[in-house]
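Student: 3D model of this:
(chains A and B)
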Amino acid sequence: MVRKLFILLLLLISIMITYLTETSLAKPIDSNTLINNAFKYDGKFIEFQGEAIGEIMKRGNYAWVNIHDGSNAIGVFLKYEDAKKIKYLGKHGVKGDTVYVKGIFNRACKEHGGDLDIHAYQIKILKRGYEIEEKVDKTRFVIGILIFAIGSFLMWTVFRYKW
Amino acid sequence: MYKNKFRDGHVELRHVLYMTGKTLSAIGIVEVLAAITSILYREWNMLFNLMIGIGLFFIISFIFIFIGRDTKEERFSWGAGMSMVALTWAFGALISAVPLYLSGHFKSYLDAFFEVMSGYTTTGLVLIQDLDHAPMGLNMWRHLICYIGGQGMVLMTLSFLASGMRGLLKVYMGEARDEQIFPNVMHTARIIWSVSLLYLVLGTLALTINGVLIGLPLDMAFFRGLWMFLGGWDTAGFAPQSQNAMYFHSLSYEIICMTIMILGTINFALHYFILTGNYKEGIRNAEIKSLFTTITILSFLGAVALKSIYSDSTVSIRKTFYHFLSAHTGTGFATLYSQQFFYEWSDSAIILIVIAMLAGGSVCSTAGGIKALRFAILANAVVNDIKKMIKPDSAVVIEKFHHLKEITLQDKHVRNASIIILLYITTFAFGTLAGTFFGYPLKAAMFESASALGNVGLSIGITQPSMPDALKIIYIFMMWVGRLEFMSVIALFAFLFKEAKEG
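Tutor: Residues are numbered from 1 along each chain as shown, chains lettered A, B, ... in the order given. Predicted coordinates:
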């Protein structure tokens, strides 16, 4: 009986932990709130999530990754080991990984020349990014070639007659 | 047939159209570089957008050149020369905006036009959406626009296409170039382009090497380096990522960018003097002294005003000096979010940076604003008047200042400088008033008005796709008149009025 109760207790605790983790993951702060209330959040633990964009910029054992939440991109300073978990970085034709970050928010980071940044302690890939296949717009293709050809011919005429 | 439509009285107008056509064709040729970038990165839709833009440039150029083809030998009058500049800038911006609009990164054609005018005038205020996912070709075109505008799009034509043209001094002056390096305008234009191309190679190389060292892959280090150079040298402030210069998180990158900003804001003639071994000119030049003095004083006062915001002295110096330099040179690179200016910077710091933005860089540089030489002239005039007051009536007081040569201060210098300063202040007040009419707070309206008029590009948050269209149009006009320093735009309207009156 005691053993069953102990197992039940363990189960309840694990469900609670999972619930709490999911709740905290579901409520990351948005960039506008952070930037507009930077004094309030300065030096505080925060949770932030968004699309990893651009490049991973390695700096020794650490790296910079810029994460865009739809409004602004914020620089996240994290361990290079963690940064390597990111496979897709957002750029033209690529949707970057959606990354969840837990770390300390700095309004004017003393370590990094006064930049507004986040020093990450934990990161998690919430959703893998992907490459976006470009569909060629046929109308644009025809119009583009046509206008370019006509224009080039007319310019050739200008040069030919030395106008 | 065209002679029936354009009577003899319109020879000037046809000549203006002819030269406008020539310049537009040159811009179309430069756009090919952006199309090549799109081919390299297989961005097919962007390639077609750019091809439409290039084609439009060529077709409209042809029409203008055809209309004025028999006016090649005509000599520009002052009015026609200046009108040609203003007309070229207006048409150049209208056509250049087409590929941007077609890219889908702009809410409307007006937004794309705003961005292009911001690029040509080397302002740097942006309305592009989702810049972080923008095609490489689009970014290349945005930054090439800054380069063409910074050097002067008409100057580009003078350098390469206008061999044998007459009366070119008027169009040269029309692009707010106050002085010539050589008596021959074309020679001067080519020197300006040579200096720019030399720095283009050196600056891009420095940023590319630094980019690799801070963790960028080689190709992106090159492209980002090239674009940041174009944004910095042309004091335009466009950057390839939405975070602007903060994307890189690097002190070394900031230092190189600051060096490029300073180089970009220095007079082309002075560059030429120094590059040809006349180092003394760099120390004696009144404009450089004026620029150095105002940057130092404003940055120092700015640091004092922001003392409570940045408690750490290293941070304070880095943030204050970078942004005051960026504002004063008219660049607009930022390592702060626009909201931080509004929510964090004190009112005194905002006023100081507004002054820095209006002050601007050197004459005959890529910078906008009132310009350091005009402040030097006014300072000399004040000294001259004080001397006159304290000396006997019979004494003759002569004031001299050194700018490439010894110049005796005359009333015409003071008059010209005063008129431009007055026009800048009046337009700034108008822009501020317009901002407040649309409901923005005074300090925000002042900041954005100074940024648009001074061709700076720092934003306090007003410039967004959601801002009222009327305000976008006002800022477009302010950027245009600010870059061309009023006279060309006034001349265009006067010229068109005269042509209309003649029937």
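
Student: how close does A:N61 sit to chain B?
Tutor: 12 Å (CB to the nearest CB, to the nearest Å). No exception for glycine: its C-beta is placed from N, CA and C like everyone else's.

Student: Number of residues surrounding that residue?
Tutor: 8 (other CB atoms under 10 Å in any protein chain shown).

Student: contacting residues for it?
Tutor: Shown in contact with A:N61 (CB atoms under 8 Å, 6 or more residues apart in numbering or on different chains): A:79-81.

Student: next SSE after the lowest-mean-pLDDT helix or strand in chain A?
Tutor: Lowest on mean pLDDT, DSSP states H and E among the helices and strands of chain A sits helix A:2-26, with a mean of 62. Where DSSP states H and E defines the elements, the next helix or strand beyond helix A:2-26 is helix A:31-36.

Student: is the next helix or strand after that following helix anywhere near chain B?
Tutor: Per DSSP H and E, the first helix or strand lying C-terminal to helix A:31-36 is helix A:38-41. Yes - using CB under 8 Å from any CB of the partner chain, helix A:38-41 reaches chain B at A:38-39.

Student: Counting neighbours, which bits of helix A:38-41 end up buried?
Tutor: Neighbour counts over helix A:38-41 (16 or more other CB atoms under 10 Å in any protein chain shown) mark A:38, A:41 as buried.

Student: counting contacts, what elements does it pack onto?
Tutor: strand A:98-109 (3 or more CB pairs under 8 Å, 6 or more residues apart in numbering or on different chains; DSSP states H and E).

Student: what does the stretch 101-250 of chain B put close to chain A?
Tutor: B:102, B:132-136, B:214-217, B:220, B:241-243, B:246-250.

Student: which of the contacts of A:N61 has the most neighbours?
Tutor: A:Y80 leads those on contacts (other CB under 10 Å) with 15 neighbours.

Student: Which pLDDT value goes with that one?
Tutor: For A:Y80, the pLDDT comes out at 95.

Student: Excluding chain neighbours, give the residue nearest to it in space.
Tutor: Closest residue to A:Y80 apart from its sequence neighbours, by CB to CB, 6 or more residues apart in numbering or on different chains: A:A63 at 4.5 Å.

Student: What of A:G50?
Tutor: A:D69 (3.5 Å).

Student: Please tell me how far the closest residue to A:Q122 other than its chain neighbours sits from chain B.
Tutor: Distance criterion CB to CB, 6+ apart; nearest residue to A:Q122, sequence neighbours excluded, is A:K102 at 4.2 Å. Counting by CB to the nearest CB, the separation of A:K102 from chain B is 20 Å.

Student: swap in A:D137?
Tutor: As for A:D137, its distance to chain B is 5 Å (criterion: CB to the nearest CB).

Student: what's the neighbour count on that residue?
Tutor: 15.

Student: Contact partners for it?
Tutor: B:45, B:48.

Student: re the thing from before, residues touching the residue nearest to A:Q122, list them.
Tutor: A:45-47, A:120-123.

Student: Go through the strand or helix carrying B:E12 and flag the buried ones.
Tutor: Using DSSP H and E, B:E12 maps to helix B:11-40. Within helix B:11-40, the residues that qualify as buried are B:12-31, B:34-35, B:37-38, counting by 16+ other CB under 10 Å.

Student: helices and strands of chain B: which one has the lowest mean pLDDT?
Tutor: helix B:2-5 (a mean of 45).

Student: Show me what counts as buried in stretch B:205-222.
Tutor: B:206-208, B:210-211, B:214-216, B:220-222.

Student: related to what we said a few turns ago, kindly indicate which of the contacts of A:K102 lies nearest B:G369.
Tutor: A:I46 (39.3 Å; CB to CB).

Student: Nearest residue to the closest one in space, please, no chain neighbours.
Tutor: A:F105 (4.6 Å).

Student: Give me the distance between the one you found and B:F342.
Tutor: For A:F105, the distance to B:F342 equals 19 Å [CB to CB, to the nearest Å].

Student: who's more crowded, these two?
Tutor: A:F105 (22 against 18).

Student: measure B:L200 to chain A for me?
Tutor: Where chain A is concerned, B:L200 sits at a distance of 23 Å (CB to the nearest CB).

Student: Not counting sequence-adjacent ones, nearest residue to that residue?
Tutor: B:F229 (6.4 Å).

Student: Can you check what pLDDT the model gives the one you found?
Tutor: For B:F229, the predicted pLDDT is 96.

Student: ok, now B:M479?
Tutor: At B:M479, pLDDT is 92.

Student: That'll do, ta.
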